[in-house]
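Peer 1: Got a predicted structure plus its sequence, pasted below:
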Amino acid sequence: MNITLKTFLLALLLATANLAYSAEDEHEHSETEEATTEDTHQDDGDAHDEHGESSESAAVSLTTKQLSLADIKVEVLDARPMDYRVYAPGEIKANGYTSYLVSPRVDSVVLRRHVALGDHVEKGQALVSLFSESVAEAQAGYQVSSSEWRRVKKLGRKAMGDNRFISAKSAYEAAYGRLLAYGLSESAIQSLNNDAKALGEYTLTAVNSGSVQSDDFNQGQRVESGQALMELSDENELWVKALLAPNIHLELPAGTEAEIKVGNEWFTAKVIQEAHTIDPQTRTRVVRLQVNNDSHRLHPGQFADVYFSFATSESVLAVPESALMRGSDGDWTVFVEMKAGEFQAQEVELGRSLGKWREIIGLESGSRVVMEGAFFVASQISKGDFDAHNH
């Protein structure tokens, strides 16, 4: 009985030891598998990284058919002096130095108009007749002072005395100046010496030749002092208001010529002024040009395309703006043909803007660069990267 009990206890001890050893062995085997799995994943990740790095080479091969369908044009990049044009939208404006607003200088009533919209007027021509109580009082005062002055002047200074002579002269000059300030012409004032002239009525005349650009008023209308009735402008020379982007740095001294296109016609204009502030509404830089309009084919309010012509003083490397693409890191790139049908992205730095061209730095002269169709090349490179990461 004792032998049997000892045998049973020995067997139980051995079984317990085997079970513990088996559990430890399973734990070690599990750790080994996890380590192996981690190594495998790490190897896969390394392989993925290596694959990602290879995709960053940003290269693609295109077939002859693809090149033809995408209309890809490759040219040799050579340094050369660049003739280029800078475009600016513009508008034809009236010449502010030869145009003016016709307006009463005292509250008045419109009696009748003498010209209409679009009419060409000559200097001194009657434009509009008005009536004003203030003008009537001024005209009456002028008649009195003028009559007195003529009498005093006829009798002479010695006969009338200095005080009387000076007082009469001053009153006459003040009355005369008052009528001039109200807008009456010298001939109209002189005609007041005729008693038959109706007081209060006066006529505004053209101060120089020009065309009637606007006449927004009605006969019988009461108008206030300073209210514009007409705008006259000499259209032989007009202005062109060109709007340039504020970040474009151009030297445009007075006299710089530019070509302007209005409709299907071309004209030559010259820079006369340049604003030194940015327009608060359009956020643009305003350049004013003057254009000859003897043929009267241009009219204020027309839109115009303005082109300034320039040339670089040295040879530069330049590509069309459409040849530049953003790389995956945000840098500017162009696509260089390494061999027939194989293109690779090359990072470049941007220089001066040359109209539709852009100076580039960081590429060797003689490189074959995609000048047209760069977007298609970029899309094919992106497609290749996408396929490689999602195989």
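Peer 2: Received the coordinates, thanks.
Peer 1: which residues in the protein form helices?
Peer 2: Using DSSP state H, the helices of the chain run over 2-55, 64-69, 133-155, 157-160, 162-181, 186-190, 374-389.
Peer 1: Any idea which of these has the lowest pLDDT on average?
Peer 2: Per-segment mean pLDDT for these reaches its minimum on helix 2-55, at a mean of 45.
Peer 1: Just the pLDDT at residue 252, thanks.
Peer 2: Per-residue pLDDT puts residue 252 at 89.
Peer 1: ok, now residue 99?
Peer 2: Per-residue pLDDT puts residue 99 at 89.
Peer 1: For it, the count of nearby residues, please.
Peer 2: 20 (other CB atoms under 10 Å). Where you see a C-beta, it was placed from the backbone N, CA and C, and this is true even at glycine.
Peer 1: my guess is it meets residue 232, correct?
Peer 2: Yes - if you go by CB atoms under 8 Å, residue 99 and residue 232 touch, sitting 6.1 Å apart.
Peer 1: intersection of neighbour lists for those two?
Peer 2: Common contacts of residue 99 and residue 232 (CB atoms under 8 Å, 6 or more residues apart in numbering): 210, 213.
Peer 1: Residue 94 contacts residue 233, correct?
Peer 2: Yes - here residue 94 reaches residue 233: they are 4.1 Å apart, a contact under CB under 8 Å.
Peer 1: so what sits against both of those two?
Peer 2: 213, 300.
Peer 1: Quick check: nearest residue in space to residue 133, chain neighbours excluded?
Peer 2: Distances taken as CB to CB, 6 or more residues apart in numbering place residue 200 nearest to residue 133, at 6.5 Å, with adjacent residues excluded.
Peer 1: gap between the one you found and residue 225?
Peer 2: Look at residue 200 and residue 225: by CB to CB, to the nearest Å, they are 15 Å apart.
Peer 1: I'd assumed residue 256 was in contact with residue 272.
Peer 2: No - Residue 272 is not in contact with residue 256 according to CB under 8 Å; the separation is 9.6 Å.
Peer 1: Where does pLDDT dip in the stretch 251-391 of the chain?
Peer 2: Flagging of the stretch 251-391 of the chain using pLDDT under 70 yields the residue ranges 384-391.
Peer 1: Buried residues in stretch 275-285, which are they?
Peer 2: 284-285 (16 or more other CB atoms under 10 Å).
Peer 1: before we move on, the earlier item: can you pick out the residue with more neighbours from residue 200 and residue 225?
Peer 2: Each of residue 200 and residue 225 has its neighbours counted (other CB under 10 Å); residue 200 has more, 18 against 13.
Peer 1: Next one: the more buried one from residue 185, what distance?
Peer 2: Relative to residue 185, residue 200 is positioned 16 Å away (CB to CB).
Peer 1: before we move on, what about residue 241?
Peer 2: 34 Å.
Peer 1: Check residue 375 too.
Peer 2: 68 Å.
Peer 1: Would you mind telling me which of those two has the busier surroundings?
Peer 2: Set side by side, residue 375 and residue 185 show more neighbours around residue 185, with 17 against 14, by other CB under 10 Å.
Peer 1: What does the pLDDT read for the more buried one?
Peer 2: We have a pLDDT of 87 for residue 185.
Peer 1: neighbours around the closest residue to it other than its chain neighbours, how many?
Peer 2: Nearest residue to residue 185, sequence neighbours excluded (CB to CB, 6+ apart): residue 205, at 5.6 Å. Residue neighbour count, defined by other CB under 10 Å, stands at 20 for residue 205.
Peer 1: What of residue 357?
Peer 2: Residues within reach of residue 357, counting by other CB under 10 Å, total 17.
Peer 1: Could you report the neighbour count for residue 109?
Peer 2: Residues near residue 109, counting by other CB under 10 Å, number 16.
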